[in-house]
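[1] give me a model of this one.
(one chain, ligands or ions: 1)
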Amino acid sequence: MGRLEETEISKAILCAYQERLLDRILSDVLIVGAGPSGMMAAILLARQGLKVTLLEKRLAPGGGIWGGGMGMCEVVVQDDAVPLLDTVGVRCEPRRKDLYVASAIELASALSLQALQAGAAIFNLMMAEDLCMRHGRVTGVVANRPMIGETLPVDPITLSAKAVVEATGHEAVLIGSLRKRRLLENADGGEGPMDAAAGEAFVVEKTGEVFPGLWICGMSVCAALGGPRMGPIFGGMLLSGKRVAESIAAALAE
Ligand code: 48F
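    Model prediction:
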């Protein structure tokens, strides 16, 4: 092994990152939030050959998966979501009636790996602050570094896509930016009290395009449209990711 040059290490990082980001200035699908719903959608869309980019404001993709329930790293899914665990190679075991348990760490890791290996790009430490819009259609997002955007008066950059997905979980950031401009009248907003069965059904049923060019999936559906919260059950999140992927694939094929 030759002598390591620090400057060459830095150049390798800078060149690789710049190439990757430049390539994703325009995507087919831009998903904001790398939780279970956003990553499931990314995997299914990227496996169809679409150019998919995920933005995640935290250091690690995975969202609410890592903590399972109350910090216990076990993930519970209903039997109808087990085929989605299979498709990303996550092992699970039956526990209670119709319920399966998987390792939260295995699920978060598998979704990240499968998204990347399917061709999706994941940018961590990248936060969507707002939407870009043209002629009444969402065309991309305004992005910044979380530490910068939240504390300093520094302008963001923009990333464009044919389809943008709100997958930011409870925060429903993009819906918030539509709502504050009174562009989304039908979004009542605010999660209802916990009702696991009703919340899971609501999330999957209401997943879809909420505004031209903007789709919504996962917990953001309840936060935006006023459905009940459902607590530490993840089947609905994975199924919502699948549903949003199907809806976008159909729309982009037209
Ligand atoms: O919250 P999160 O896991 O969303 P989800 O896919 O799944 C919800 C479940 O985890 C859990 C549940 C319901 O009880 O089962 O709550 O709907 O992941 C959302 C991700 O989005 C990131 C955030 O850091 C998290 O990893 N995020 C939030 N706001 C932004 C963002 C933003 N403005 N820009 C980029 N990423």
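
[2] tell me where the protein has helices.
    6-23, 36-46, 82-87, 104-117, 146-149, 173-179, 196-206, 219-225, 235-253 (DSSP state H).

[3] just these: most buried one?
    helix 36-46 (a mean of 30; mean count of other CB atoms under 10 Å). C-betas here are computed from N, CA, C, even on glycine.

[4] by mean pLDDT, point me to the weakest helix or strand of the chain.
    Within the chain, judged by mean pLDDT, DSSP states H and E, the helix or strand with the poorest mean is helix 146-149; its value is a mean of 88.

[5] and for the residue nearest to residue 140 when sequence neighbours are not counted, the neighbour number?
    Of all residues not flanking residue 140 in the chain, residue 160 sits nearest, at 3.6 Å (CB to CB, 6 or more residues apart in numbering). By other CB atoms under 10 Å, the residues close to residue 160 number 16.

[6] hey, least reliable of the helices of the chain by pLDDT?
    When these are compared by mean pLDDT, helix 146-149 comes last with a mean of 88.

[7] per-residue pLDDT, residue 190?
    81.

[8] how about residues contacting the least confident helix or strand of the chain?
    57-58, 125-127, 129, 154, 156 (CB atoms under 8 Å, 6 or more residues apart in numbering).

[9] what do you get if the cut-off is 7 Å, keeping everything else the same?
    57, 125, 127, 129, 154, 156 (CB atoms under 7 Å, 6 or more residues apart in numbering).

[10] what's near enough to touch residue 55?
    Neighbouring residues of residue 55 by CB under 7 Å, 6+ apart: 32, 123, 126, 128, 143.

[11] among these, which are in strands?
    Using DSSP state E, the subset of those located in strands is 32, 123, 128, 143.

[12] okay if I get these as CSV plus distance to the ligand and pLDDT?
    Compiled in CSV, the ones in strands among the contacts of residue 55 are given as follows (distance: CB to the nearest ligand atom, whole Å; pLDDT from 0 to 100):
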residue, distance to the ligand, pLDDT
32, 5, 99
123, 9, 98
128, 4, 98
143, 8, 98
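
[13] which parts of the chain sit against the ligand?
    Within the chain, the positions near the ligand by CB under 6 Å from any ligand atom are 32-38, 55-58, 63-65, 127-128, 167-169, 171, 173, 218-220, 229-231, 234, 237.
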